[in-house]
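1. this one's structure only:
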């Protein structure tokens with residue numbers, strides 16, 4: 001099983017959030033990424049993730065120097081919770097390093113963040129979150145419609161999902177189902193189970209990727225086990241992240 005993490009970036013500076021988001025997407029190890037500009041927004045996002053409204057947050061990338069409530073104060077509060085998300089501090093100041101680890105931070109990254117250090121931090125985060133079994137309460141089956149009735153499809157049977165108007169078409173190796181759940185919501189549910197959004201209209205189960213074909217102008221398309229006569233397009237902005245996720 002390929003483990004993909006869900007992250008929350010907390011920084012009061014928009015350019016810093018954008019830069020870190022770009023770097024995280026490039027690693028191919030992050031599924032859903034949320035952003036918050038202050039501690040209040042961060043808490044609201046975490047509440048949504050714990051209530052199941054949004055994807056469960058595995059890790060906070062947290063700036064220390066923020067107006068009103070600092071990143072350190074937020075980390076101290078989260079440290080008191082049961083099963084808090086992992087915290088990685090991302091800051092321009094080195095003097096808080098000792099204090100950071102007193103709140104059980106996983107790592108401490110200095111701005112500007114380097115890719116190698118970011119991947120090293122993600123290694124630590126994965127080690128931290130894996131003991132929980134990697135199951136964040138995400139459903140093991142997806143409710144779909146078939147022949148006018150509701151059917152529950154085990155997620156390990158799903159090969160890919162395609163957006164169709166207001167519906168999502170879920171494909172197994174032998175059948176097709178309709179779901180009223182949006183592709184974005186399905187992405188949040190399925191990312192912890194090794195699924196990847198390769199295109200605005202497609203999610204694929206990485207365990208079933210059989211071949212990666214390069215077509216004109218370096219564009220990729222995927223072939224899936226058990227699915228013939230169908231190639232899944234990969235958007236240009238997702239190519240690097242997908243290659244990383246597949247170990248290419």
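-> Received it, and whenever you're ready, just let me know what you need. Please read all numbers here as calculations on a predicted model, not as lab measurements.

2. what's the domain layout of this protein?
-> 5-131, 141-246 (automatic domain parsing).

3. now these in a markdown table, with mean neighbour count and mean pLDDT?
-> Every C-beta, even on glycine, is put in place using the N, C-alpha and C of the backbone. Listed next are those as a markdown table, based on neighbours: other CB atoms under 10 Å; pLDDT from 0 to 100:
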| stretch | mean neighbour count | mean pLDDT |
| --- | --- | --- |
| domain 5-131 | 18 | 87 |
| domain 141-246 | 16 | 86 |
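
4. spatially central residue for the chain, please.
-> residue 31 (1.7 Å; CA atoms, centre = their mean).

5. that one touches residue 192, doesn't it?
-> Yes. Using CB atoms under 8 Å, residue 31 is in contact with residue 192, at 7.2 Å.

6. for the residue nearest to the centre of the chain, what is the enclosing helix or strand?
-> strand 30-36 (DSSP states H and E).

7. now swap in residue 142 and tell me
-> Per DSSP H and E: strand 141-146 holds residue 142.

8. what are the contacting residues of that strand?
-> Residues outside strand 141-146 that contact it (CB atoms under 8 Å, 6 or more residues apart in numbering): 150-155, 158, 170, 175, 177-181, 186, 189-190.

9. of these, which belong to helices?
-> 186, 189, 190 (DSSP state H).

10. if I look at the last one, how far off is residue 162?
-> Taking CB to CB, to the nearest Å as the measure, residue 190 falls 14 Å from residue 162.
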